[in-house]
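Colleague: Got a sequence here, can you build the structure:
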Amino acid sequence: MGITKSPEFAHIKAKKSSGSLLWSLESKSGLTSYLFGTMHVRSSVAHQFLDKISPYLQRCEVLAAEMNLDEFDHVAMVQGSGLPPGTSLESLMGSKKYVKARKSILNSFHVDLDHFKTRHPFFANAAISESLMVNDQLESLDQEIWNRSKDLNMTRVGLESFMEQLTIMQKISPQDSIGQIKYIGRNPGNFRRNLQKLINFYVDQDVNKLYKSSRKQLEGMRKTLLFDRNRIMARRLSRLIADQSVFAAIGAAHLAGAKGMLRLIKHHGFLVKPVIL
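Modeller: Numbers count the residues shown, from 1 in each chain. A predicted model of the protein is given here:
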């Protein structure tokens, strides 16, 4: 989709952090489950944690991912992610602003907005972020964890369904997403630096800073993409871990914060502790 791979975020070393991407969730009966914060990318930046989490995955009966990855329907995704008839990125931005943003983003990230003209701006934003990562792995981190759980004959479930995730994306106002594209076009250097900070926070396993950075970038989309989903996923996960050992793998931005998964699960009566990786 007009994306050129960049090596700039390929070799980021971790610093010491008091946080962790992996947390133990202990029920009142003493049953232990785990919650791991993933990154939805095909990069060794995220995959470096795979071998470290494998022993904990092997201890569990169930894998709970954000979504049941076997349910993914590419055709439905394409059909459900289009803008309304007669609407395009250009019409939402205005022709002059679109041409200017397209040129800036093409020069800075080698991503052509014309390839996303009639799709929800969410996808153009995702492609721009992906262009800064080295996609040196065949599968995303989430998919690799899913595949390993299959090899272990684990039960696999999604905390959200594919259709729920598609509906969530459709709830995002195109105007909110288009604002991010405008910002990137005006400030490509700032966007690049902010994304690098986000990657550094992940590698350092600093889930608090990662959450704060993600929350800031989401602006008007926080309730839809973070808070509402956290509440639903925490409730569903709490039911699962009440009577079985579960390894949950969800986006790391969902973990921390006053409305984050860790605090919500604690409120459901579980003992939550960081696991040093």
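
Colleague: can we go C-alpha only for contacts and neighbour counts from here?
Modeller: Fine.

Colleague: Trp146 contacts Leu63, doesn't it?
Modeller: Yes: under the criterion of C-alpha atoms under 8 Å, Trp146 makes contact with Leu63 at 7.5 Å.

Colleague: Find the residues that touch each one of these two.
Modeller: When contacts are counted by C-alpha atoms under 8 Å, 6 or more residues apart in numbering, the set common to Trp146 and Leu63 consists of Arg156.

Colleague: which of the two has more neighbours?
Modeller: For the pair Trp146 and Leu63, the greater number of neighbours falls to Leu63 (26 against 22), based on other C-alpha atoms under 10 Å.

Colleague: for that one, which residues make a bridge with it?
Modeller: Residues found in beta-bridge contact with Leu63 (criterion: DSSP bridges) are Arg156, Phe247.

Colleague: how far away is it from Ile145?
Modeller: Using C-alpha to C-alpha, to the nearest Å, Leu63 is found at 9 Å from Ile145.

Colleague: and what of Phe227?
Modeller: Computed with C-alpha to C-alpha, the distance linking Phe227 and Ile145 is 25 Å.

Colleague: can you check Ser29 too?
Modeller: Here the criterion is C-alpha to C-alpha. By it, Ser29 lies 27 Å from Ile145.

Colleague: Ok, Phe201 next?
Modeller: From Phe201 over to Ile145 the distance is 21 Å, taken as C-alpha to C-alpha.

Colleague: Looks like Gly19 contacts Lys273 (just checking).
Modeller: No: because the distance of 9.9 Å does not satisfy C-alpha under 8 Å, Gly19 is recorded as not touching Lys273.

Colleague: Ser29 and Ile145 - which one has more neighbours?
Modeller: Under the criterion of other C-alpha under 10 Å, the comparison of Ser29 against Ile145 puts Ile145 first, with 22 against 9.

Colleague: which of the residues in the host helix or strand of Leu92 are buried?
Modeller: When secondary structure is defined using DSSP states H and E, the element that contains Leu92 is helix 89-93. By neighbour count on 16 or more other C-alpha atoms under 10 Å, the buried set for helix 89-93 is 89-90, 93.

Colleague: List just the nearest of those to Asp243.
Modeller: Leu89 (47.9 Å; C-alpha to C-alpha).

Colleague: From start to finish, how long is stretch 233-251 in a straight line?
Modeller: 11 Å.

Colleague: how many neighbours does the nearest residue to Leu152 once chain neighbours are set aside have?
Modeller: Spatial nearest neighbour of Leu152, excluding adjacent residues (C-alpha to C-alpha, 6 or more residues apart in numbering): Gln58 at 7.2 Å. With neighbours defined by other C-alpha under 10 Å, the count for Gln58 comes to 16.

Colleague: ok, Gln58 touching Asp151?
Modeller: No: counting by C-alpha under 8 Å, Gln58 does not reach Asp151; the two are 10.2 Å apart.

Colleague: per-residue pLDDT, the residue nearest to Leu152?
Modeller: On the pLDDT scale, Gln58 is placed at 98.

Colleague: do the one 3 residues further on as well
Modeller: Model confidence at Glu61, expressed as pLDDT, equals 98.

Colleague: i'd like the first residue to be 54 from this point on
Modeller: Yep, numbering from 54; the last one is Glu114 now.

Colleague: Next up, the contacts around it.
Modeller: Listed by C-alpha under 8 Å, 6+ apart, the contact set of Glu114 reads 207-208, 297-300.
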